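Enquirer: Give me coordinates for this.
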Amino acid sequence: MHSNCTRRQWLAAAAGAALARPFAASAAATGGPAPRVAIAKCPSYGPELLPAMQRMFDQLGGLERLVKGKTVAIKVNMTGDTSYRLGHLPAEDTHYTHPRAIAATVHLMGRAGARRVRVLESCWSTSGPFEEFMLQANWEPRDILSAAPRVEFENTNYLGRGSKYARLTTPKGGHLFRAFDLNHSYQDCDVFVSLAKMKDHLTAGVTLSIKNCFGILPVTIYGDGAGVDEPSIEPHGGRGIMHVGNRPPSKSAPSENDPKTPREDTYRIPRIIADIVAARPIDLAIVEGVRTMAGGEGPWAKPSRAISPGVIVAGTNCVATDAVCLAVMGYDPMAVRGAPPFEKCDSTLQLAEELGVGPRDLKRIEMVGTPVREALFRFRLV
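Expert: Numbering: from 1, shown residues only. This next block holds a predicted model:
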């Protein structure tokens, strides 16, 4: 990890008031107040990161009422093989959630009284321990393990430590899938957090807290090499079948609602993602864009470039949070297919909104912290 201070100094940097106020409930779920989204400027992953994140959580109402005594699952974004690089930059400076952002989140959860914190990712085509995947990325897993009293890692690309897959059902029947079979960790938690990287995306327009959850699908069921009747034992291959629908998931899992829908990835992926976050609701969405990339979701996207927006966005409603992210990135959250950044695809935010997940209209969202105009960093050069 890269640092301007010692780990002890970094972990101690945010001493302050206890987090006591409850989080604002989702307006989509309760019909109550508008969902609140916090924006923070943060120029680096140094000592300013932890206090910036705690300040955001304070502005949202405090972490304690959300996590105290509970199991928290945090889905991070480590898309692609650890060998992929944009130039000579480390992956965490371009397309991976930065390990310092992960450790800061874990630390604040622990300090707010979380009973257990699980850090989750479906590691690229491997059934090995998540810790080994981190080591391949030149990360030190102990920096995250030591950030709170009880921290666990789980590679959710397969059955993992669970005895069976958990079935989560999509409200309203979903756009493409009425339910998904997932690693147990996505059900065996009281609080689910999507800790994403702020990026463009070749297929979905953008990848934020909602698109981050595409990675919860185990490739043993939804992958190119998945078993036909039952999940495969070992994960291998990507999720190409979900992009183009050239074969169904394993027969043990719920099939598509209608196999006659378009097989285009720009049609399927936004709908699948919307279905996922409706089936596995996000309780806290965090999108870090301190350092990231523009032009796509990984170094394979051409052309793409490294950027430093110096911003973090967080909220308790994922659609509202991603809508604010779009505004910070210089896009219109109300954009539909044909308008940036959704020139070739449908808007995941619009599709999730149709399932009742949350609002994307900024007029229906309470924004706190740094104003959008001050956090604005246009991802498009023209």
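Enquirer: Look at A306 and report its pLDDT.
Expert: A306 is assigned 98 on the pLDDT scale.
Enquirer: With I233 instead?
Expert: Confidence at I233, expressed as pLDDT, is 88.
Enquirer: Q9 now?
Expert: Looking at Q9, its pLDDT is 44.
Enquirer: got it, and the one 10 residues further on?
Expert: As summarised for this prediction, L19 has a pLDDT of 30.
Enquirer: same deal with the one 10 residues further on?
Expert: A29 is assigned a predicted lDDT (pLDDT) of 46.
Enquirer: Quick check: which ranges of the chain have low pLDDT?
Expert: Along the chain, segments meeting pLDDT under 70 span 1-31, 125-126, 382.
Enquirer: so where do the helices sit in it?
Expert: Assigned by DSSP state H, the chain shows helices spanning 7-12, 27-30, 49-60, 64-67, 99-111, 130-136, 141-145, 219-222, 240-244, 265-279, 318-328, 348-354, 372-375.
Enquirer: Distance to S122 and mean neighbour count for these - can I get that in CSV?
Expert: For glycine as for every other residue, the C-beta is placed from the backbone atoms N, C-alpha and C. Output for these, formatted as CSV (distance: least, Cβ to Cβ, whole Å; neighbours: other Cβ atoms under 10 Å):
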stretch, distance to S122, mean neighbour count
helix 7-12, 28, 15
helix 27-30, 27, 16
helix 49-60, 25, 22
helix 64-67, 23, 21
helix 99-111, 16, 25
helix 130-136, 9, 19
helix 141-145, 17, 18
helix 219-222, 7, 28
helix 240-244, 12, 18
helix 265-279, 12, 24
helix 318-328, 18, 29
helix 348-354, 19, 23
helix 372-375, 30, 15
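Enquirer: Make CSV out of those and add distance to A166.
Expert: Formatted as CSV, those follow (distance: least, Cβ to Cβ, whole Å):
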stretch, distance to A166
helix 7-12, 33
helix 27-30, 21
helix 49-60, 28
helix 64-67, 21
helix 99-111, 22
helix 130-136, 18
helix 141-145, 24
helix 219-222, 12
helix 240-244, 18
helix 265-279, 10
helix 318-328, 20
helix 348-354, 21
helix 372-375, 37
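Enquirer: Out of these, the one nearest S252 is which?
Expert: Ranking the helices of the chain by proximity to S252 (Cβ to Cβ) places helix 219-222 first, at 7.4 Å.
Enquirer: Nearest residue to M367 in space, please, no chain neighbours.
Expert: Leaving aside its chain neighbours, M367 sits nearest to V37 (5.5 Å; criterion: Cβ to Cβ, 6 or more residues apart in numbering).
Enquirer: What is the burial count for that neighbour?
Expert: Neighbourhood size, V37 [other Cβ atoms under 10 Å]: 30.
Enquirer: just D361 next, same as before
Expert: 14.
Enquirer: Not counting its neighbours along the chain, what's nearest it?
Expert: Distances taken as Cβ to Cβ, 6+ apart place M334 nearest to D361, at 6.3 Å, with adjacent residues excluded.
Enquirer: Distance of that neighbour relative to L362?
Expert: Counting by Cβ to Cβ, to the nearest Å, the gap from M334 to L362 is 8 Å.
Enquirer: These two: who's more crowded?
Expert: Using other Cβ under 10 Å as the criterion, M334 and L362 rank with L362 on top: 19 against 16.
Enquirer: Now do the contacts for the more buried one.
Expert: Shown in contact with L362 (Cβ atoms under 8 Å, 6 or more residues apart in numbering): 323-324, 327, 333.
Enquirer: do the same with V37
Expert: Counted by Cβ under 8 Å, 6+ apart, V37 has contacts 313-315, 317, 320-321, 323-324, 365-368.
Enquirer: now, which of those residues sits nearest A112?
Expert: Within the contacts of V37, the smallest distance to A112 is 13.9 Å, found for A314 (Cβ to Cβ).
Enquirer: and the closest one, what does it touch?
Expert: Contacts of A314 by Cβ under 8 Å, 6+ apart are 37-38, 40, 53, 56-57, 60, 284-287, 321.
Enquirer: So which of those residues is the closest to L381?
Expert: Lowest distance from L381 to the contacts of A314 (Cβ to Cβ) belongs to V287, with 21.3 Å.
Enquirer: Tell me the spacing between the closest one and A375.
Expert: Distance from V287 to A375, by Cβ to Cβ: 12 Å.
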